[in-house]
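S.K.: Just to be clear, the model below is a prediction. Sequence and coordinates:
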Amino acid sequence: MSDFYFNLVKVYRLINEGSSIDTILDSIYTSFRTFLDYDRIGIALLDNQGKIFSYAVRSKKSTFLNPGYAVNVSETSLYHVIKNKKPRIIDQYTNYLESVPQSKSTPLILKEGIQSSIAYPLTSAGESIGVLLFASSKTNAYHEDHLEYIKMISENISIALEKNLLADDLILGAITGFAKIVEAKDSDTGLHIERMQNYSKIIAKSLSKMNTYKDVIDFRYINDIFRFSPVHDIGKAGIADGILLKPGKLTPEEFEVMKMHTTIGAGILTKANYGIHKKERHLFDMGIEIALGHHERFDGRGYPCGISGKNIPLSARIVIAADILDALTSKRVYKSAFDINTSMQLIKDESDKIFDPDIVSAMLEAQEKILMCYEQFNESVDLSNI
């Protein structure tokens, strides 16, 4: 038992140092085999749409319930773990499937060779936020005596989630709220941020299906592009209203000032990063890429750095397309709105000039979903599955 506490202290030290959830999960995966039999451990979290989704997994073999796999929590046995905040042990998944033939996840678990598991609720401020799950290829691998071990590990995971994800959401929420206030100053509809972040998500999902990007764009990347694309114009907070809100064409001198919103935005987010620095990661790294790079061009004729091609960060290349798509389809004081088909054609015409050809291809592949977002956004339609 003393070895168990020694390993637990190592995990707690990682948490106090601000290590990422992935680093902490790696430590847990390698540290507790003397006390528990497992081939797979995973964290599943509850989202605000009532779905339970796989957030992180460590396994000896390839898995099917990879990060990003989501299902309505009411359709899984984890519903009772979360609702009642009570652990659950499954002794044999083969028999368990017979009792829940409608389960979507159990066949995938069996396909991985898993036969038994123990699930323990993760809580924050007394509320259930997800589940920690240990799984074994052996039947009857877990019993009541293991619950005390799992309880202590889950408490540490909950602390890590609070220090990482929940705190990050509060900080990002504040920054995003500020970005929306800035955006409202020069947006006719006030919905530009919401539309373009959905376009960014759709494009990233489509791009992830290409072989070149399938190992780069995972569910976390898609989630991050949705979360951080709204801060693209946060630097406009530093631009004088006389320039920012000018209805006519800017003079060359005024345009030089306007271009500074990219570096101002990156500076704001860099300072935010510095203030919340955490070991092995920075919260706003993608936001900085987007703020600095969303006016670069694929042919190198953009600003502020004039970089070209794949030297422009992927996140910025995605947001460039999403931002311009919404600008084309939106009415401004200096222009009327183009329809979606005309806008898509204009973007296609600028492939390899303004836009990365891969991203243009991804947009065209996802044109139906983009059209759905374009048509239905103002009708308060649930876009979570787009």
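M.R.: The structure has been received and is ready for your questions. Numbers count the residues shown, from 1 in each chain.
S.K.: alpha carbons only for contacts and neighbour counts from here, please
M.R.: Fine.
S.K.: which stretches of this protein have low pLDDT?
M.R.: Segments of the chain classed as low confidence (criterion: pLDDT under 70) are 1, 166-172, 174, 178, 182, 184-190, 273-282, 332-335, 377-386.
S.K.: Strands along that one, start to end?
M.R.: Under the criterion DSSP state E, strands of the chain are mapped to 40-46, 51-59, 70-72, 88-90, 116-124, 127-136.
S.K.: Mean neighbour count, those: which tops it?
M.R.: Between these, the one whose residues have the most neighbours on average, counting mean count of other C-alpha atoms under 10 Å, is strand 116-124 (a mean of 24).
S.K.: mind checking how far that one is from the chain centre?
M.R.: The chain centroid and the centroid of strand 116-124 are separated by 23 Å under C-alpha atoms, centre = their mean, to the nearest Å.
S.K.: in its sheet, what does that strand sit against?
M.R.: Looking at strand 116-124 with DSSP bridges, its paired strands and their directions are strand 88-90 (antiparallel), strand 127-136 (antiparallel).
S.K.: which residues in the stretch 201-350 of the chain form helices?
M.R.: Taking DSSP state H, counting those that start in this stretch as the criterion, the stretch 201-350 of the chain carries its helices at 219-228, 241-244, 252-259, 261-275, 285-293, 314-328, 340-349.
S.K.: possible to save those as JSON lines with mean neighbour count?
M.R.: Output for the helices of the stretch 201-350 of the chain, formatted as JSON lines (neighbours: other C-alpha atoms under 10 Å):
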{"stretch": "helix 219-228", "mean neighbour count": "19"}
{"stretch": "helix 241-244", "mean neighbour count": "14"}
{"stretch": "helix 252-259", "mean neighbour count": "14"}
{"stretch": "helix 261-275", "mean neighbour count": "19"}
{"stretch": "helix 285-293", "mean neighbour count": "25"}
{"stretch": "helix 314-328", "mean neighbour count": "24"}
{"stretch": "helix 340-349", "mean neighbour count": "16"}
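S.K.: Switch those helices over to a markdown table; also include distance to G235.
M.R.: Compiled in a markdown table, the helices of the stretch 201-350 of the chain are given as follows (distance: least, C-alpha to C-alpha, whole Å):
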| stretch | distance to G235 |
| --- | --- |
| helix 219-228 | 14 |
| helix 241-244 | 11 |
| helix 252-259 | 10 |
| helix 261-275 | 4 |
| helix 285-293 | 8 |
| helix 314-328 | 15 |
| helix 340-349 | 25 |
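S.K.: Okay, and the beta partners of I41?
M.R.: R58, F134.
S.K.: In this structure it contacts V131, no?
M.R.: No - the pair formed by I41 and V131 falls short of the contact definition of C-alpha atoms under 8 Å, at 10.7 Å.
S.K.: Could you tell me which residues make contact with D37?
M.R.: A135, S136, A141, Y142 (C-alpha atoms under 8 Å, 6 or more residues apart in numbering).
S.K.: Compare the strands of the chain and report which one is nearest to Q345.
M.R.: For those, proximity to Q345 was assessed by C-alpha to C-alpha; strand 70-72 is nearest, at 34.3 Å.
S.K.: what does the closest one contact?
M.R.: Under the contact criterion C-alpha under 8 Å, 6+ apart, strand 70-72 has outside partners G50, K51, I52, F53, S54.
S.K.: Skip the chain neighbours and tell me the closest residue to the third one.
M.R.: Meaning I52. Here the nearest residue to I52 in space, its sequence neighbours aside, is L46; by C-alpha to C-alpha, 6 or more residues apart in numbering that works out to 4.5 Å.
S.K.: Would you format the strands paired with strand 116-124 as CSV with distance to G248 included?
M.R.: Putting the strands paired with strand 116-124 into CSV (distance: least, C-alpha to C-alpha, whole Å) gives the following:
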stretch, distance to G248
strand 88-90, 65
strand 127-136, 50
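S.K.: out of the ones you listed, which comes closest to V81?
M.R.: Among the strands paired with strand 116-124, the nearest to V81 by C-alpha to C-alpha is strand 88-90 (6.5 Å).
S.K.: Contacts for that closest one, please.
M.R.: Strand 88-90 is touched from outside by V81, Y96, S116, S117, I118, A119, Y120, N140, Y142, H143, with contacts defined as C-alpha under 8 Å, 6+ apart.
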